[in-house]
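[1] the sequence and its predicted three-dimensional model are supplied below.
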Number of protein chains: 2
Amino acid sequence: MKEEGQVKEIPAKKEQFSEWYTAVVLKAELADYAPVRGCMVIRPYGYALWENMQARLDARFKATGHLNAYFPALIPESFLKKEAEHVQGFSPQVAWVTRGGDSELTEPLALRPTSEAIINYMYARWVKSYRDLPVLINQWCNIFRWEKTTRLFLRTLEFLWQEGHTLHRTQEEAQEETRRILNIYVDFVENDLAVPVIAGKKPESEKFPGALATYSIEALMPDGQALQAGTSHNLGQNFSRAFDIRYLDEDNTEKHPWGTSWGVSSRLIGAVIMTHGDDRGLFLPPRIAPYQLVIVPILYGKNDAMVLETCQKAKEMLNAFRAKLDDRPQFTAGWKFNEYEMRGVPLRVELGPRDVEKNQAVLVPRDGSGKRTVSLDRLAEEVKNLLEELQNNMLSRARAWVASVTTSATTLEEFKKNLTEKPGFVKVHWCGAQECENRLIDETRTTPRNMPLEEQNTTGRCIICGKETRTLIYYARTY
Amino acid sequence: MKEEGQVKEIPAKKEQFSEWYTAVVLKAELADYAPVRGCMVIRPYGYALWENMQARLDARFKATGHLNAYFPALIPESFLKKEAEHVQGFSPQVAWVTRGGDSELTEPLALRPTSEAIINYMYARWVKSYRDLPVLINQWCNIFRWEKTTRLFLRTLEFLWQEGHTLHRTQEEAQEETRRILNIYVDFVENDLAVPVIAGKKPESEKFPGALATYSIEALMPDGQALQAGTSHNLGQNFSRAFDIRYLDEDNTEKHPWGTSWGVSSRLIGAVIMTHGDDRGLFLPPRIAPYQLVIVPILYGKNDAMVLETCQKAKEMLNAFRAKLDDRPQFTAGWKFNEYEMRGVPLRVELGPRDVEKNQAVLVPRDGSGKRTVSLDRLAEEVKNLLEELQNNMLSRARAWVASVTTSATTLEEFKKNLTEKPGFVKVHWCGAQECENRLIDETRTTPRNMPLEEQNTTGRCIICGKETRTLIYYARTY
C-alpha cells in the first residue's frame, strides 16, 4: 500500500499568499484551528519548533543575568486600571472571568493581556533597597487578547510568549536594558530564524500603553507587509509610580526604580513560515528545525537490508544533529521526498544500494541548490558545513529581498508609486508632528513601523510639511 | 554594613508544621501569595527548581516517544459536558470566562481544569487510520481549579503541570502505557526528588472522572498525611466514544481507540519541601537544586585577594555543577552559611586563607553530617561523590521514615490506635465493597490512597466485614 503525497494541493505562494500560508501551516501539521473561535492548537511539529526557539532565546536571557518566574494569569480589574494609558490600551482586548465554581465573582478577573500590572504589584512587595536592584525577571506563558480576526500563529485569541519585566536604579540603566534586549532580539531573529529585521524606535502613536519609549524589530513578509516581530519598552517610572514601588537608595532617600518590559511571541513562527516557505511548502532554518535532516533509504527490493543497515549507521554518525531516519516501508522514497520538503526539513540524505557500494551518500538541501555526493567517511563534517551554509544563505537571501523592496520617498506621489510597484518598506523623512503622521497614514493606508537606529541623522525634508529634519522613519502595510 | 540572617524566625517543623511550611516557602523565596485569592507567584528560585524538574521529567517522556504540543486554555462548556462523569467531577471547580472585549459570550468558556475534552475533540479530527496510532502527546501548561482553600504549591487556583493524553489501538497497549507512565513517575519522584512513593491502583471512589482505572503515586509527609503526587489514568474508550474518535483498522473496520491520560504538577515542589526540610529551612536534592553548591570565601581582611582568586578557580573547577560563588562583601560568612542552609543548597564549599595555603577546601553538606577537608586537586571528584551520596541518603532517610510510620491493622480499634500513635499509612485488607470503604472512612476520617501494585495477593480478612480477600489497600489522612 503505497500512498502519494498531498503536496500538490498547496496554492502558489505568489498568487494566493494568504491561502498558501494557511495550507502550509495545516499540511505541515504545525498547527490547527481549535473549536473556540480565535484559538489554535500548536501541534507537536510546531511545538518542537517553538521549543527550539525558546531554548535558544532563553539561553541568551540567562547569559545576561535574567531569571525566569511565573506570575498568575488572573489579574483583578482594578490592577489594570492603575496605569491610565495601560488600561485604555488593553481593555477592548481583555477576556474576563466572572464566575468561579458556582458563584459570581465580586470583582471580574482579567486573563492577562500582558503582565505589567500584576508583576509590578509584586515588585512593590519585594523591592526595598538599592541592593535589590536590578530585578531581571522573565516569564514564558500564555497570553489572551480578544482579537476579532484569526490567523494561525499571527493573530489568535490565546498565544504563547515570553515577557521580561525589569527594574533598575537609574534611568540610564533602564535604557541600557531596553536596548540590550532589542539587540538580543535582533541577534536571535536574524541569526537563528534567518529573518532580517529593522531595529528602531516607535513613534509616539505606536508606543506600548504606559511606556516612555518603545523599540521594535520589524520584519517584512513576502506580500510586502510588515510584521512587528518583537518589542522592548522603556517604561520609565510609570509603573513604579502607579504601583508605588520604592527603594531606599544609598543616600538614604526613597526612590522609584526605572522599569522595562519586552516580549516576543509564537507569532515569530509565522514570520519563519512566510519568509522561507515556497510552493513546495515549509523551509525551516537548520538552527531551529525540529529535524535538521532526514535520511531516506532508496530501496529497490535488492540489497535492502544492507541499505537499511547503512542508513542506521549514517544516523549514528549524525547523532550530533537532530536527524530522522524514515525507513517506513509503506511509503515510496518519492513520497518521502515530497513529504519532508513540504515539512521544511533543511537537508535530505539519500542512500541507495549503489551509494552503499561506493561508501557515499547523496545530500539534497531543501533550497533547491542541487544534489551533492559525499563520502560516508566525511558525512558528519559535510552535513555540518552544509547546514551552516544553508542557515547563512537563508538570511542573505531574505535580506537581499527586503533590500530590493525597501524604497525611499520624498513626496506622497513617490510613496504611493513605490508601494504599488514594489510593496515593502518605504522610508521617509518626518518632522515628528502628529498631523504629518496622520496625513501620511490616511493617504497611503500604511502605518509607521519604526525609526531605525542605524539610519538616523541624515538631513532631509518631512515628506508631508517639507520641514527640515534628521528623523528617518519606515512605513509599510502591516498585519 | 553586615546584616544577620532571618533564619531564626522559622517555626519548628515538628511543633508547627503548617507554619513551618509557609515560612520556608516565603523565606526561601520559592513563592509568594498573589493579590488574587488562591493564586500564587512562583519566584525565580522556585521556578528554577521547577525548570530542573521539568527538564528531567520531559527527557523521560521524550525517551519513550512522547511529543509536546499546546492546546487552548479555553474550553466550551458543551465540551466538558460530553463525558458525563467528567463534567460531574469537574464542574464545581471550573472558572468561567463570560465576557470578551466588550461583549458577553453566547457560550461560557471554561478555563481548563484538565484537557481531556479539548484534546480528544482534536484527536477525532486527526486520527483516521491505525497508522496514526499510537498518539503520544504531552503538554506543559497552566491549569485552573476553583479551590476554596489555599496552600502554596499544594492547593492553588492556578498551577503548573504536565498532562499526557494518548490513544492506542488496543486495550492492552493503553494499559501498558498507563503503567509505563506510572513507572516513569516513580523513577522521577524517587530518584530525582528523593521522595519515596507507594505506586498503586485507586479504588473506584477515588478514580478520575471518566476513567476506567486510575493509578497513583502517594507520598507521605512528615505530619503523617498522604500527598497524591501523580496519577495515570486508563480512560478505556470513554473519551474516544464521547468525542467519536474512530480509526480504520487493518481489518478495514472502524474502531474507537483506547485512551490514557496522566499528570504531575508543581505540587511536587511542596512534597520536596516537606519531605526534606528541617528547622533551618529548605534542603533540596542535588539533582534538582537550582544551585548544587555554594562557594563561600572566609575573609579575615588578610590575604583576601588570594582567597577570592582561589574561590574563582574553584568555581571553574566545578563548572560541571550548578555552582554559585557568593563573594558579596556586605554579608559575613556566618550570614551566608545560614542563608544558603535556609535556601537548601545541598553543599557548601568554604575557602579561607589557611585552606588556600594548604591547597584544600572544606566541604559542608546540608544534611548536618559534618565538615570534610579535601585537596583542591580532587575537588570536582569529591563534590561529585558527595552530591551523589547526599541524593541517595535523602531518599534512604525518607524511605526509612515512611516505613517507620506505615502500619497494618486488622481491626478498627487497631487502625485508630496506629493512627494516633504513629500517624502515617495504615494498610488493611479490604473486600472491595463500597459500604465497607464508607464505614472505614467515616470511622477514621482517613481516605483510601491506593492498592499498592507490589503488595497484592496476600490473603487476609476485610477490616470491616471480615470477608476473606486478597486485596490490600493503604489509608491515610490527606491534603
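    Yes, it's here.

[2] and stretch A:147-159, end to end?
    Start-to-end span of stretch A:147-159 (Cα to Cα, to the nearest Å) is 11 Å.

[3] again with stretch A:310-327
    End to end - Cα to Cα - stretch A:310-327 spans 12 Å.

[4] may I see the buried residues of it?
    For stretch A:310-327, a neighbour-count test (16 or more other Cβ atoms under 10 Å in any protein chain shown) marks A:310-311, A:314-315, A:317-318, A:321-327 as buried. (Glycine included, C-beta is placed from N, CA and C.)

[5] so where do the strands sit in the stretch 101-250 of chain A?
    A:103-111, A:135-144, A:158-168, A:198-201, A:213-220, A:225-236, A:247-248 (DSSP state E, counting those that start in this stretch).

[6] output the contacting helices and strands for the helix or strand just after the last one.
    Proceeding C-terminally, strand A:247-248 gives way to strand A:254-255 as the next helix or strand, assigned by DSSP states H and E. Under the contact criterion of 3 or more Cβ pairs under 8 Å, 6 or more residues apart in numbering or on different chains; DSSP states H and E, the helices and strands touching strand A:254-255 comprise strand A:247-248.

[7] farthest pair in the buried residues of stretch A:310-327?
    For the buried residues of stretch A:310-327, the maximum inter-member distance is 20.1 Å, found between A:T310 and A:R322 (Cβ to Cβ).

[8] picking that back up, reformat the buried residues of stretch A:310-327 as JSON lines; add pLDDT.
    As requested, those are exported to JSON lines (pLDDT from 0 to 100):
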{"residue": "A:T310", "pLDDT": "97"}
{"residue": "A:C311", "pLDDT": "98"}
{"residue": "A:A314", "pLDDT": "98"}
{"residue": "A:K315", "pLDDT": "98"}
{"residue": "A:M317", "pLDDT": "97"}
{"residue": "A:L318", "pLDDT": "98"}
{"residue": "A:F321", "pLDDT": "98"}
{"residue": "A:R322", "pLDDT": "98"}
{"residue": "A:A323", "pLDDT": "98"}
{"residue": "A:K324", "pLDDT": "97"}
{"residue": "A:L325", "pLDDT": "98"}
{"residue": "A:D326", "pLDDT": "98"}
{"residue": "A:D327", "pLDDT": "96"}
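
[9] restrict the residues you listed to contacts with chain B.
    Among the buried residues of stretch A:310-327, no residue sits close to chain B (Cβ under 8 Å from any Cβ of the partner chain).

[10] returning to that earlier point: can you redo the strands of the stretch 101-250 of chain A as CSV with distance to A:Y475, mean pLDDT and mean neighbour count?
    Shown next, in CSV, are those (distance: least, Cβ to Cβ, whole Å; pLDDT from 0 to 100; neighbours: other Cβ atoms under 10 Å in any protein chain shown):
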stretch, distance to A:Y475, mean pLDDT, mean neighbour count
strand A:103-111, 33, 93, 16
strand A:135-144, 27, 98, 21
strand A:158-168, 26, 98, 23
strand A:198-201, 11, 98, 23
strand A:213-220, 10, 98, 24
strand A:225-236, 9, 98, 24
strand A:247-248, 41, 98, 18
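
[11] low-confidence regions, the stretch 351-479 of chain A specifically.
    The model of the stretch 351-479 of chain A has no residue with pLDDT under 70.

[12] now do the contacts for the residue in the stretch 151-300 of chain A positioned nearest to chain B.
    The stretch 151-300 of chain A approaches chain B most closely through A:E158 (5.5 Å), counting by Cβ to the nearest Cβ. Applying Cβ atoms under 8 Å, 6 or more residues apart in numbering or on different chains, we find A:E158 in contact with A:G38, A:C39, A:M40, A:N142, A:I143, A:F144, B:P72, B:A73, B:L74.

[13] closest one of those residues to A:K302?
    Nearest to A:K302, judged by Cβ to Cβ, of those is A:M40 at 46.5 Å.

[14] torsion angles phi and psi at that closest one?
    Backbone torsions for A:M40, taken as degrees, to the nearest 10, come to phi -130, psi 160.

[15] state the distance from it to A:Q292.
    According to Cβ to Cβ, to the nearest Å, A:M40 and A:Q292 sit 26 Å apart.

[16] what do you get for A:E437?
    A:E437 sits 45 Å away from A:Q292, going by Cβ to Cβ.

[17] just A:S408 next, same as before
    39 Å.

[18] give me the more crowded residue out of these two.
    Neighbour totals were compared for A:S408 and A:Q292, and A:Q292 leads with 25 against 15 (other Cβ atoms under 10 Å in any protein chain shown).

[19] got the contact list for that one?
    So A:Q292 contacts A:P286, A:F321, A:R322, A:A323, A:V345, A:P346, A:L347, A:L387 (Cβ under 8 Å, 6+ apart).

[20] residues contacting the last one?
    This points to A:L387. A:L387 sits next to A:P286, A:Q292, A:L293, A:F321, A:P346, A:L347 when contact means Cβ under 8 Å, 6+ apart.

[21] can you check the third one too?
    Residues near A:R322 by Cβ under 8 Å, 6+ apart: A:A289, A:P290, A:Y291, A:Q292, A:L293.

[22] kindly recompute the last result at 6 Å.
    The contact partners of A:R322, by Cβ atoms under 6 Å, 6 or more residues apart in numbering or on different chains, come to A:Y291, A:Q292.

[23] the second one now?
    Applying Cβ under 6 Å, 6+ apart, we find A:F321 in contact with A:Q292, A:L293.

[24] next one: the fourth one
    The contact partners of A:A323, taken as Cβ under 6 Å, 6+ apart, are A:L293, A:K315.

[25] and it, bridged to which residues?
    Listed beta-bridge partners, A:A323: A:L293 (assigned using DSSP bridges).

[26] so how far is chain B from it?
    15 Å (Cβ to the nearest Cβ, to the nearest Å).

[27] repeat that for the fifth one.
    Spatial separation of A:V345 from chain B under the definition Cβ to the nearest Cβ is 16 Å.
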